[in-house]
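> predicted model and sequence below, questions to follow.
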Amino acid sequence: MTLIQGYDARGQSRVIPVLTLTGASLDVHTEDADDPLTPGGCPGLPPCVTIRVVSALDLLVSRLPDGAVRTDAETLRERAIDSWTLALLRRVRGDELPAPAAVVFPASTEEVATVLAWASETATAVIPRGGGSGVCGGAEADAGSVVLDLARMNKIGQVDAVSQTVNVQAGVRGDQLEDALAGHGLTTGHYPQSIAMSTVGGWIAASSAGQASTGFGAIEDVLLGLTAVLPQGEILRCQPVPRSAAGPDLRRLLVGSEGTLAVITEATLACRARPAAWEWLAFGFATFSELAKALREAVRAETGAAVLRGYDETDAQLGFGALGHPGGCVGMAGFPAGLPGLDARKQAVAEAMRKNGASGELGARYGEHWWEHRNDAVRTYAQIMGPERAFGSGMIVDTMEVAGLWSTVPRLYQDIREALAGHAQAVGCHLSHLYPSGSSLYFTFLISGADDQEAEARYRAAWEAAARSCAATGGTITHHHGVGRLKARFLVDDLGETGVSVLTRIKAALDPAAIMNPQVMNPQVMNPQVMNPQVITGRRDAP
Ligand SMILES: Cc1cc2nc3c(=O)[nH]c(=O)nc-3n(C[C@H](O)[C@H](O)[C@H](O)COP(=O)(O)OP(=O)(O)OC[C@H]3O[C@@H](n4cnc5c(N)ncnc54)[C@H](O)[C@@H]3O)c2cc1C
C-alpha cells in the first residue's frame, strides 16, 4: 500500500491510501459526508470510505495525453510480432499468437519515463518497438504486455555542421534520416538493407551494421551520445563526445541490449560527407577460400573502400544471375567517388584480388547492379513469408549472420554451410562486413517441408545444428541481428556461464521488477519450448 498526500476541493490536506493489487489499483478515499466531491456520499453518517477500482491500464491512460494508449484489435495484432521468420510463419498459418494488452505511443522522453515508472509499479512487461524489422523475435509481445512503440518519436533535430553530427529521436526511420541529411551534403553511412523499415533506436538496441560498414563503421562507431529511460523511470543522458574514458562506456552497454535494460529515446550520430556517387570493382574466383583470402588482403590494404563484399557460388548466382554471371564466386569493392588518389586505391584492391587467385575482372556493372538492387530482398522476404507465400506453403527462408577471425572463416563457412544444408533445400553465403582481423559470414537458407509444421521442425533443427557448429568453431552466433528469442538458448555457448551471469546481474540491478522485454536474451530461457510462442505465457499479470 502507498500513502499519497493529497488535497480536497476545499484545499484541506488528506492522506489517500492507494492499494496496488494484481493488475488493478484500488483508490481508497476517506470522505466527509458533505464533501462536494461526493455529493450524497454518506449523508448524516460519520466520515466514510468509498472504494473505486481502477485498472492498471486506466491508470496509465490517465497519466498520458489522449490517444497515446491504444487497445484496438488491429493495432494489437500489428504490434504482436516483428519480422522473425518463425513468427511470420505462425501468423500466416493462423496460429493464435500472444497479444499485448495495449500499445503505447509516447512522444517524448518524459512520456517514456511515465510509462516505465508505471510498468515498474504495476509489474507489467514492456516491449520496446522501433520499426519491427528485427529478425530474432526481439520485438515480439508477451501476452498481457505493453508494447512501447516509438513511432511518434520521429523528430530530427538540428545538424551541428561544425561537428558534423545530428541529434534524433529514437523512432526516426533510416530513410527519413538519410533524406534529411542529404540536404546538408551529409550521411551517417549506416545503410542496413532494412533502412526504410528500421529506426535509430532499433539500430542501437539490436547492434546493427549497415552495408557500407567496412568504410563507415557499424552503429557503435557512429553513436556519440544517447538518452535512455531506465526501467524505474530515471533518465540517463550520455553526452555526445567522440570518445570517453569516464568509466565503462554506458553507451556501449545499451548497444545490443534489445530493450532489456532501457528504452533509448534520443541519439546523437556522427556524420560524414555524403558520397556523390560510387565507383566499383568486381572479380571472379574459383573457390570460396581464395575469395576469403583476397578480401582479407584487400581490407588490410586500407584503401578506403567503404563496401567490400564476397559471394559464394550460390549467392553470386542469386545476386548476379540477371547479368549472365558465368558461375563461380564474386569479390566486389565500392569506393565513394572523388576520394583523393582513387585510381591508386582501386589499383591496390585489384592487386590484392589478383595476387590471391582472382580469375578475372567482372566489371563495374556488378557493383552498379548490386547498388541498385541492394534492398530488393526486403520485398522478396515479405513475398515469401507474408500472406502471398510466393514459394507456397511449406517453404520458408531465413538468414544467419555470424562472425569470426580470418583464421576461422574458412571452417566457419564449411561447417555452418554443412550444418544448414543437412536441413535446408538451399544455402548461400556472403561476406559483407570486413575487418583487418576477421569477417562476418551471412548465410541465407531456404527450408522446404511437406507442410508448414514440417518446415518449422526443419527450421528448428537447422538453427540448432548451425548455432552449435558456429560456437564449436569459435565464431559468434550473431554479428548484427542480435539474440532476441531465437538465439537466447545459444547465448551460453557464446559468452560462457560467467558471461551470461554478468548479463543477468546487470539486468537484475537495472530492472529489479524484470519488466523490460523479459523473454528476450533471457539466459533462463534455454528451453527449446521457447521456440514455440504458444507456450510462452506472460510472466506478468495483464494490466
Ligand atoms: C529484409 C531485412 C533486412 C535486414 N537487413 C539488415 C541489415 O542490413 N543490417 C542490420 O543490422 N539489420 C538488418 N535487419 C534486421 C533489422 O532491421 C535490424 O535489427 C534493425 O536494427 C531493427 O530495427 P527496428 O527499428 O526495426 O527495431 P525492432 O525490430 O522494432 O526492435 C529490435 C530490438 O530492439 C528493441 N528496441 C527497438 N527500439 C528500441 C528503443 N528505442 N529502445 C530500446 N530497445 C529498442 C526491441 O525491443 C527489439 O528487441 C534486416 C531485417 C530485414 C527484415
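Looks like it arrived, so ask away.

> the residue in the stretch 251-400 of the chain that the ligand sits nearest to: how many residues sit nearby?
Nearest residue of the stretch 251-400 of the chain to the ligand: Gly259, at 2.8 Å (C-beta to the nearest ligand atom). For glycine as for every other residue, the C-beta is placed from the backbone atoms N, C-alpha and C. Close neighbours of Gly259, defined as other C-beta atoms under 10 Å, add up to 26.

> that one reaches Ile515, doesn't it?
No - using C-beta atoms under 8 Å, Gly259 is not in contact with Ile515; the gap is 10.6 Å.

> which residues touch the residue of the stretch 251-400 of the chain closest to the ligand?
Residues in contact with Gly259 (C-beta atoms under 8 Å, 6 or more residues apart in numbering) are 126-129, 138-139, 205, 516-517, 520.

> and if we set it to 6 Å?
128, 205, 517 (C-beta atoms under 6 Å, 6 or more residues apart in numbering).

> next structured bit after the helix or strand hosting the second one?
Using DSSP states H and E, Ala205 sits within helix 200-206. As assigned by DSSP H and E, the chain's next helix or strand after helix 200-206 is helix 213-216.

> and stretch 165-172, is it in reach of the ligand?
Yes - counting by C-beta under 6 Å from any ligand atom, the ligand has neighbours in stretch 165-172: Ala170.

> and that stretch, what's its mean pLDDT?
Average pLDDT, stretch 165-172: 98.

> would you map the helices across the stretch 101-250 of the chain?
109-122, 174-182, 200-206, 213-216, 219-222, 250-254 (DSSP state H, counting those that start in this stretch).

> out of these, nearest to the ligand?
helix 200-206 (2.0 Å).

> which helices and strands does the closest one pack with?
Counting contacts by 3 or more C-beta pairs under 6 Å, 6 or more residues apart in numbering; DSSP states H and E, helix 200-206 packs against strand 263-270.

> can I get the strand it packs on as CSV, trimmed to CA atoms?
Only the C-alpha atoms of strand 263-270 are listed here, as CSV (Å, rounded to 0.1, in the frame of the first residue of the first chain):
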residue,chain,number,x,y,z
VAL,A,263,14.4,2.4,-23.7
ILE,A,264,16.6,4.6,-25.9
THR,A,265,14.8,7.8,-26.7
GLU,A,266,17.4,10.0,-28.4
ALA,A,267,20.8,9.7,-30.0
THR,A,268,23.5,11.9,-31.5
LEU,A,269,25.1,10.3,-34.5
ALA,A,270,28.3,11.2,-36.3
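
> what packs against that strand?
helix 109-122, strand 165-169, helix 200-206, strand 223-229.

> pick the most buried one from those.
Sort the helices and strands packed on strand 263-270 by mean neighbour count, taking mean count of other C-beta atoms under 10 Å, and helix 200-206 sits at the top with a mean of 30.

> need the residues that contact it.
With C-beta under 6 Å, 6+ apart, helix 200-206 has contacts from 130-131, 134, 150, 168, 170, 172, 219, 255, 257-259, 264, 267, 482.

> okay, buried residues for stretch 293-312 please.
293-299, 301, 303-312 (16 or more other C-beta atoms under 10 Å).

> format the CA atom coordinates belonging to it as CSV.
Only the C-alpha atoms of stretch 293-312 are listed here, as CSV (Å, rounded to 0.1, in the frame of the first residue of the first chain):
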residue,chain,number,x,y,z
LYS,A,293,41.9,-14.6,-48.7
ALA,A,294,41.7,-11.9,-51.4
LEU,A,295,39.2,-10.0,-49.3
ARG,A,296,41.3,-10.3,-46.2
GLU,A,297,44.2,-8.7,-48.1
ALA,A,298,42.0,-6.1,-49.7
VAL,A,299,40.7,-4.9,-46.3
ARG,A,300,44.2,-4.8,-44.9
ALA,A,301,45.4,-2.6,-47.8
GLU,A,302,43.4,0.2,-46.2
THR,A,303,42.3,1.7,-49.5
GLY,A,304,39.2,3.5,-48.2
ALA,A,305,36.8,1.0,-50.0
ALA,A,306,33.6,1.5,-48.0
VAL,A,307,32.0,-1.6,-49.4
LEU,A,308,33.8,-4.9,-49.6
ARG,A,309,31.7,-8.0,-50.3
GLY,A,310,32.4,-11.6,-51.3
TYR,A,311,29.8,-14.1,-52.6
ASP,A,312,30.0,-17.8,-52.7
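
> contacting residues around that stretch?
212, 214-216, 288, 291, 319, 329-336, 339, 345, 348-349, 352-353, 356, 406, 429-432, 434, 436.

> and what of stretch 468-483?
135-136, 138, 206-209, 258, 401-404, 408, 411-412, 415-416, 419, 440, 467, 487, 490, 493-494, 521.

> take the residues you listed and keep only those in strands.
401-404, 440 (DSSP state E).

> list only buried entries from these.
401-404, 440.

> need the residues you listed in JSON lines with distance to Arg90 and pLDDT, can you?
Shown next, in JSON lines, are these (distance: C-beta to C-beta, whole Å; pLDDT from 0 to 100):
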{"residue": "Glu401", "distance to Arg90": "22", "pLDDT": "98"}
{"residue": "Val402", "distance to Arg90": "25", "pLDDT": "98"}
{"residue": "Ala403", "distance to Arg90": "29", "pLDDT": "98"}
{"residue": "Gly404", "distance to Arg90": "32", "pLDDT": "98"}
{"residue": "Ser440", "distance to Arg90": "28", "pLDDT": "98"}
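
> quick one, longest helix in the chain?
helix 452-473 (DSSP state H).

> quick check: buried residues in that helix?
Quick answer for helix 452-473 (16+ other C-beta under 10 Å): 452, 455-456, 458-471, 473.

> from those, which are also near the ligand?
Answer for the buried residues of helix 452-473 near the ligand: none qualify (C-beta under 6 Å from any ligand atom).

> tell me who's in contact with Pro336.
Here Pro336 is in contact with 275, 306 (criterion: C-beta under 6 Å, 6+ apart).
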